[in-house]
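> Need coordinates for the below:
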Amino acid sequence: MDTVALAARLLFVHGQTTERMVVTAERLGAAMGVPAKVLPDWDKLTVEFDGTSLSEVVPAKPLAVDMHRVLAITVIVDRLCNGTLPADQARPALLSAGNKPTASTLQFTSAAAIGAASLGVIFGALDIASLMLIASSAAIGALVRRRLSTLSTNPFVQPLCAGLIAGLIAAVSANLHLRIATALVAFCPCMMLVPGPHLLNGAIDLARTRIALGIARLTYAAIIVLMICFGLLLGFAASGAAPPAAGPSAPVPLMADAIAAGCAVASFGALFSMPWRMLPFPVAAGVLGHAARWALISLAGTNVATGALIACILVSIIVTPVVDRLHLPFAALGFSAVVSMMPGFFLFQAASGLVELVSMGARAPTTLLTNVAADGTTAFLVVLAMTFGLILPRMLLESRL
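Predicted coordinates for the structure are as follows:
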């Protein structure tokens, strides 16, 4: 019974989708002769054992995303189910798999810098100075996040401080009148902090009528986004600079766009501790999806929400059979493949406009309110389109192994 509860908890806290965690734990219980039912909640798992009056409540919060650990735990469960691992070795094996090392500080920092610079290219920052500042800001933020993880268990401190650093660096660069894309220097490092897997897992839970857990996941993700925005705006305020107003992004050639998208996917895969041998697959899926989006927007003239919807459907169709085969967390791998489509730029622009709207009060022009509404609505529609595009094929194609 303890083994089943432990396996469920480890999968849950390291980012496995709720449905896959429940199926895996119940399959393990049946194989070990203790048929179980797993009832997930935001801060605990309740494991009930059929045919008995026994149940076990395990404290667990799904705050982390670690694909290496999820894969290792799933391998142990498979060995237990097919009888190649003795039951008395199950608990130490699961604990060992759950303590697999995370990405090193060098890997974590490098991935953050490369990913942020790649997003800069996608959004139109093609000058070396801007890309260097974007990469440096993301790297410093990653180092601070790693340090803070040893000092505080509060999950909101890290995105707040990383957003603050991005705002400070962008504001100081603007005050020095450097010829850079100030808005992208501010926003791209913050894009590396967006909690995409939590958004997707929350949406999947809602779609499967796990309402309380889905709402909790989405609330957690929304607070993280709020902390990122607050830190970014606080950094500009501390430097005495106004948040930048971004104009239309510069057109990016297809080849540069596809290469940058692949680098961004690889970076997020590294941040989520994906084994190196598996990185080529999400990179390929992400490049194909982003190329489809580029063609839809640049050649067919569709809007960004429609382009994201169709591209995410394509990515989900490609990714779903693989995550089922390898038992990887769909939310983490799926988000890694489509991260370059996230509308963080519109979201941060809307937040910046809201601050300006409040500071100006009745003197604010009508166009400012219109821009805030347009940016916020665009961000919402793109997130909605991406979420729907990813989870619909997933739910239709998912196999209960």
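> Determine the three-state secondary structure at Leu126.
The local conformation at Leu126, judged by DSSP: H, G, I helix; E, B strand; the rest coil, is coil.
> and it, how many neighbours?
By other Cβ atoms under 10 Å, the residues close to Leu126 number 15. No exception for glycine: its C-beta is placed from N, CA and C like everyone else's.
> what's the pLDDT at it?
Per-residue confidence (pLDDT) for Leu126: 81.
> Same question for the one 10 residues further on.
With respect to pLDDT, Ser136 scores 95.
> Also Pro197?
85.
> Could you verify that it is part of a strand?
No - under three-state DSSP, Pro197 sits outside any strand and is assigned helix.
> Next one: it from Val252, what distance?
As judged by Cβ to Cβ, to the nearest Å, Pro197 and Val252 stand 26 Å apart.
> So the two - more neighbours on which side?
Pro197 (26 against 18).
> List the contacts of that one.
Gly15, Val65, Phe272, Pro329, Ala331, Ala332, Phe335 (Cβ atoms under 8 Å, 6 or more residues apart in numbering).
> make it 6 Å
By Cβ atoms under 6 Å, 6 or more residues apart in numbering, Pro197 lies in contact with Gly15, Val65, Ala331, Ala332, Phe335.
> Next, the first one: secondary structure please.
Per three-state DSSP, the secondary structure class of Gly15 is coil.
> Check the gap between it and Cys229 for me.
24 Å.
> the more surrounded of these two?
For Gly15 versus Cys229, the count of surrounding residues by other Cβ under 10 Å is larger for Gly15: 26 against 23.
> State the distance from the closest residue to that one other than its chain neighbours to Cys190.
By the measure of Cβ to Cβ, 6 or more residues apart in numbering, the closest residue to Gly15 outside its immediate chain neighbours is Val65, 3.7 Å from it. Distance of Val65 to Cys190, computed by Cβ to Cβ: 18 Å.
> Which one's more surrounded, those two?
Neighbour comparison, Val65 and Cys190: the larger count goes to Cys190, with 29 against 26 (by other Cβ under 10 Å).
> Quick one: residues contacting that one.
By Cβ under 6 Å, 6+ apart, the neighbours of Cys190 are Gly163, Ala166, Ile228, Leu232.
> ok, back up a step: possible to save the contacts of Pro197 as CSV with secondary structure?
Formatted as CSV, the contacts of Pro197 follow (three-state DSSP):
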residue, secondary structure
Gly15, coil
Val65, coil
Ala331, helix
Ala332, helix
Phe335, helix
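> Out of those, which is nearest to Val287?
Closest approach between those and Val287, by Cβ to Cβ: Phe335, at 15.5 Å.
> what's the neighbour count on that closest one?
Around Phe335 there are 28 residues (other Cβ under 10 Å).
> what's the pLDDT at Ala266?
Listed pLDDT for Ala266 reads 90.
> Skip ahead from whatever helix or strand Leu206 lives in and say which helix or strand is next.
Mapping Leu206 onto the secondary structure by DSSP states H and E places it in helix 196-207. Next in sequence after helix 196-207, counting helices and strands by DSSP H and E, comes helix 211-238.
> Which strands or helices does that next one pack on?
In terms of contacts (3 or more Cβ pairs under 6 Å, 6 or more residues apart in numbering; DSSP states H and E), helix 211-238 is packed against helix 157-175, helix 196-207.
> Phe187 versus Leu176, what's the distance?
19 Å.
> With neighbour numbers in mind, choose between those two.
Neighbour tally, Leu176 and Phe187, criterion other Cβ under 10 Å: the higher count belongs to Phe187, 31 against 8.
> and the helix or strand where the more buried one lies, average pLDDT?
If you go by DSSP H and E, Phe187 is part of helix 182-191. Across helix 182-191, the average pLDDT comes to 88.
> so where's the stretch 51-200 of the chain shaky on pLDDT?
Counting by pLDDT under 70, the stretch 51-200 of the chain shows no low-confidence range.
> where along it do the strands fall?
Assigned by DSSP state E, counting those that start in this stretch, the strands in the stretch 51-200 of the chain fall at 55-59.
> Over to the stretch 201-350 of the chain?
According to DSSP E, counting those that start in this stretch, the stretch 201-350 of the chain contains no strands.
> Where does pLDDT dip in it?
Looking at the stretch 201-350 of the chain by pLDDT under 70, you get 242, 244-251, 327, 331.
> and the residue lying closest to Arg293 once chain neighbours are set aside, how many neighbours?
Among residues not flanking Arg293 along the chain, Ala311 sits closest, at 3.9 Å (Cβ to Cβ, 6+ apart). Ala311: 29 surrounding residues under other Cβ under 10 Å.
> wait, Leu287 sits on Gly262?
I think there's a mix-up here, since residue 287 is Val and not Leu. Yes - if you go by Cβ atoms under 6 Å, Val287 and Gly262 touch, sitting 4.7 Å apart.
> average pLDDT across the helix ranked longest in the chain?
Counting by DSSP state H, the longest helix found in the chain is helix 366-397. For helix 366-397, mean pLDDT rounds to 85.
> gap between that helix and the chain center?
Chain-centre distance of helix 366-397: 16 Å, with Cα atoms, centre = their mean, to the nearest Å.
> Which strands and helices lie in contact with that helix?
helix 196-207, helix 304-326, helix 344-360.
> buried ones in that helix?
For helix 366-397, a neighbour-count test (16 or more other Cβ atoms under 10 Å) marks 368, 371-372, 375-376, 378-379, 381-383, 385-394 as buried.
> And for stretch 283-299?
For stretch 283-299, using 16+ other Cβ under 10 Å, the buried residues are 283, 285-294, 296-297.
> Redo those as CSV? Include distance to Leu106.
Listed next are these as CSV, based on distance: Cβ to Cβ, whole Å:
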residue, distance to Leu106
Val283, 20
Ala285, 26
Gly286, 23
Val287, 25
Leu288, 30
Gly289, 29
His290, 27
Ala291, 31
Ala292, 34
Arg293, 32
Trp294, 32
Leu296, 37
Ile297, 36
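> Okay, and which of those residues map to helices?
Reading helices off the buried residues of stretch 283-299 with DSSP H, I get 283, 285-294, 296-297.
> now, among the residues you listed, which is nearest to Thr24?
Closest to Thr24, out of all of these and judged by Cβ to Cβ, is Ala285, at 23.5 Å.
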